[in-house]
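Enquirer: Fold the following for me, if possible:
(chains A and B)
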There are 2 protein chains.
Amino acid sequence: MNIIPFPDRADWPALLARPVQSTQQIEAAVAPILAQVRAGGDAALIALAQKFDKVDLSTGGLAVTTSEIEGAESQLSDELKAAIEQAYQNIRLFHERQKQPIEKIETMPGVLCWRKSVGIEKVGLYIPGGTAPLFSTVLMLGVPAQLAGCREVILCTPSNHPAIYFAAKLVGITKVFRIGGAQAIAAMAYGTASVPQVYKIFGPGNQYVTAAKMLIAKEGIAIDMPAGPSEVAIYADDSAVPAFVAADLLSQAEHGADSQVLLVSTSKKLISMVNLALPAQLDKLPRKELAAKALLNSKAILVESEADAIDLLNAYAAEHLILSVENAEAVAEQIVNAGSIFLGNYTPESAGDYASGTNHTLPTNGFARAYSGVSLDSFVKKITIQHITPEGLQVLGPVVEVMAEAESLDAHKRAVSLRLASLTEVNPA
Amino acid sequence: MNIIPFPDRADWPALLARPVQSTQQIEAAVAPILAQVRAGGDAALIALAQKFDKVDLSTGGLAVTTSEIEGAESQLSDELKAAIEQAYQNIRLFHERQKQPIEKIETMPGVLCWRKSVGIEKVGLYIPGGTAPLFSTVLMLGVPAQLAGCREVILCTPSNHPAIYFAAKLVGITKVFRIGGAQAIAAMAYGTASVPQVYKIFGPGNQYVTAAKMLIAKEGIAIDMPAGPSEVAIYADDSAVPAFVAADLLSQAEHGADSQVLLVSTSKKLISMVNLALPAQLDKLPRKELAAKALLNSKAILVESEADAIDLLNAYAAEHLILSVENAEAVAEQIVNAGSIFLGNYTPESAGDYASGTNHTLPTNGFARAYSGVSLDSFVKKITIQHITPEGLQVLGPVVEVMAEAESLDAHKRAVSLRLASLTEVNPA
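Expert: From the prediction side, this is the model:
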């Protein structure tokens, strides 16, 4: 890792900047794919699978059969099934507690206001193919969808890994489609004869998938959040175990050459020891080429004080933030920008990636400044409801009349005045 | 209103479709404005104000002075001040109860997970100019921003109405800029010498403002939600007072010729009586031309049953839904798509527009299928935090190892294995 000692605050923005992704070119490639699926439906999906993935979907159909989903379980080891089930339970427990009871609030006598949560009726999940079959993401998206009571949850994935199908079954998903890439996003956004149209789309993907999501978001289909390469920042002091810090840096770096890895410390010794630990650990990884590339772009920043470290971490707004420092919980209280925070020596990021219960779909690329990770809230809408009694309107009405008049919205005022007049007639007192 | 008796379900989508807005042309006009502000900063803002609004901002400065904001109060009647203060209190009360206490959840022994809410550090509010000075929207956005603890809240508005400045002062906003249109959105998204850059932008506006918001959202700046023309749907039965229903329809219609107004009923008599009540009420409105145009496009739909009405209303997904029926609360329980619901004869939409306490920034255009209205949640991020003890990792770790291995993420697995190995060394038991 490149060590950057005591950078000037004026240099922080450049130091912490993510690589700029030129999206224009990718969007220009993706827009025609969206249009093709919108116009051509299933036939377009079959043609695009042939063109981009050399996969023939014309005979087996776009939908994964029920027996394939049901049969997936038998292809998994008992150990993996048990692990997935345990993760499912933990994620379910953490997200279930995010439910909020309805609370009616009387803002003035006779003016009752409340909110109710309703699951988004139709949601679509995307799980990419590639080397890593992301069944963990099926759980992370499927569990809150299930808890929210979304009536229809569909899954598009080019992967046919049995663990993905098993996870889908656990979270109650019955409609899985063998569709990958930008065309899968288009299918869920517009609907086809086979694929139901949904109102919100979730899930990771490559730059084409991400561009497709941003384009359909502009058309009013909701998406989970904008996405960029995965990233971790670690703040460590001399209480940290250098080998653990090195392992956490590598577990982020193995995601890909564009992964962002940042180490911040007030201890030059700690940084040196982490740097010493890295090569031996790196050498043992099957994905060592990828991880080594990511490390080349990564930075170890030496800062003067804890206050500097906290300011720097808040400026960076990491997706994952590991606080491997003695007073981790106190430091966490001062963190305002991060997706998810991991405290102490025995809380590796991978625990949250898989099974502790928290969600792993988190804001990257500095989006943690304004966005939260996925939660139960991502799958519900909160509808406000109000009920005003005649007595309530007699108290509230005059306030509304004065404000509506000042905004020159006369009909708004009259909707109240008419009602107030009728009450005076009925109750001349 | 056009009366549509017993439409076939197959015809519902066409019947309930909103007018399609061609955004491409507007986006093409807006993109260069965004680029100009990004490159030119304050000078570009001054040039654009001159060009589009014939306003000279070069001498007075872009920022409204503190004395203008402080002095606004003296230009308002005591009645209006008191009304705004009462609305402020009600909105504050309703949104304050949306705060959630931190709850630590032990998903497995020694595995502790929780969420903390943090206000988005920098948010920008936009309030349009035009005939209606929307000080109510300053309250609707400013109150939750204040409650969320957003550190910097700025307001851009081309209006210099004292009620807007007074409302800004009430919600604690000290930075107000005389900037309107798409260039205001650009200024807040990119920052200029005068205008601080923000992480999330809220507020209504014309089609140029809306297009600017959608374009900057694609660049990763968060926005409140996509927007379209305002709309109301009213479900009324014979228990409804026709004059009230007519008044509510008109209070939506006066927003503009593109306002969407929908009446649904199982009672032909009710629809006839509302239609009879409309002309006389319309005639009294200063904005009667606008409202009359909106009514020309509006529909009264006669349905066979309550079940049909509920299905139709859920298919429409209205921004505002008034249930002027005998069993309003029971019907509300079956509504899954709506921004805000108003129950009974004495709950006009205008109550919620101004002062009952609920938020009036709501999803239009069918977006209520996936989006909620603005709430305290819109101004906070929820950061997940976890802390695992060595004992906790011994229980959870093996689950993570198995899953990481199955996803071929070896470094993820090793980050756990290393720690587990160290624990075995220390505690050979």
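
Enquirer: the strands in chain A, which residues?
Expert: Using DSSP state E, the strands of chain A run over A:2-5, A:105-108, A:111-119, A:122-126, A:152-156, A:175-177, A:200-202, A:222-223, A:231-236, A:260-265, A:299-302, A:318-324, A:338-343, A:380-388.

Enquirer: Partner strands of the third one, with direction?
Expert: It refers to strand A:111-119. strand A:105-108 (antiparallel), strand A:380-388 (antiparallel) (DSSP bridges).

Enquirer: need those strands in TSV with mean neighbour count and mean pLDDT, can you?
Expert: To be clear about C-beta, it is placed using only N, CA and C from the backbone, and glycine gets the same treatment. Shown next, in TSV, are the strands paired with strand A:111-119 (neighbours: other CB atoms under 10 Å in any protein chain shown; pLDDT from 0 to 100):
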stretch	mean neighbour count	mean pLDDT
strand A:105-108	20	98
strand A:380-388	24	98
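
Enquirer: Reformat these as TSV; add distance to A:A47.
Expert: Shown next, in TSV, are these (distance: least, CB to CB, whole Å):
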stretch	distance to A:A47
strand A:105-108	54
strand A:380-388	36
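
Enquirer: Of all these, which one comes closest to B:T174?
Expert: strand A:105-108 (27.0 Å; CB to CB).

Enquirer: which other residues reach the closest one?
Expert: By CB atoms under 8 Å, 6 or more residues apart in numbering or on different chains, the residues outside strand A:105-108 that reach it are A:112-114, A:392, A:395-396, B:89-90, B:93-94, B:97, B:356-357.

Enquirer: What is the nearest of the residues you listed to B:D410?
Expert: Using CB to CB, B:R97 is the member of these that sits closest to B:D410, with 47.7 Å.

Enquirer: just checking, that closest one touches A:K104?
Expert: No: counting by CB atoms under 8 Å, B:R97 does not reach A:K104; the two are 10.0 Å apart.

Enquirer: Please identify which of the two sits among more neighbours.
Expert: The neighbour count for B:R97 versus A:K104, taken as other CB atoms under 10 Å in any protein chain shown, is higher for B:R97 (17 against 12).

Enquirer: okay, that one: pLDDT?
Expert: As predicted, B:R97 sits at a pLDDT of 96.

Enquirer: Not counting residues beside it along the chain, what's closest to it?
Expert: Using CB to CB, 6 or more residues apart in numbering or on different chains and skipping residues adjacent in sequence, the residue nearest B:R97 is A:I105, 5.5 Å away.

Enquirer: now A:I234
Expert: Once flanking residues are discounted, A:I234 sits nearest to A:I322: 4.4 Å by CB to CB, 6+ apart.

Enquirer: swap in A:E73?
Expert: Closest residue to A:E73 apart from its sequence neighbours, by CB to CB, 6+ apart: A:F166 at 5.4 Å.

Enquirer: which ones are touching that neighbour?
Expert: By CB under 8 Å, 6+ apart, A:F166 lies in contact with A:72-73, A:76, A:81, A:84, A:135.

Enquirer: Please repeat the previous calculation with a cut-off of 10 Å.
Expert: By CB atoms under 10 Å, 6 or more residues apart in numbering or on different chains, the contact set of A:F166 is A:69-76, A:80-81, A:84-85, A:135, A:138.

Enquirer: likewise A:M188?
Expert: Applying CB under 10 Å, 6+ apart, we find A:M188 in contact with A:37, A:122-126, A:154-156, A:177, A:179, A:195-203, A:212-213, A:216, A:221.

Enquirer: so which of the contacts of A:F166 comes closest to chain B?
Expert: Nearest to chain B among the contacts of A:F166: A:L80, at 5.3 Å, using CB to the nearest CB.

Enquirer: what sits up against stretch A:8-22?
Expert: A:4, A:7, A:207, A:210-211, A:228-229, A:231, A:233, A:258, A:260, A:262, A:297, A:299, A:301, A:308, A:311-313, A:315-318, A:364-366.

Enquirer: swap the cut-off to 6 Å and go again
Expert: A:7, A:315-316, A:365 (CB atoms under 6 Å, 6 or more residues apart in numbering or on different chains).

Enquirer: Work out the gap between the lowest-mean-pLDDT helix or strand in chain A and the centre of the chain.
Expert: Lowest by mean pLDDT, DSSP states H and E among the helices and strands of chain A is helix A:288-296, with a mean of 88. Averaging C-alpha positions (CA atoms, centre = their mean, to the nearest Å) puts helix A:288-296 25 Å from its chain's average.

Enquirer: so how far is chain B from A:A317?
Expert: Counting by CB to the nearest CB, to the nearest Å, the gap from A:A317 to chain B is 9 Å.
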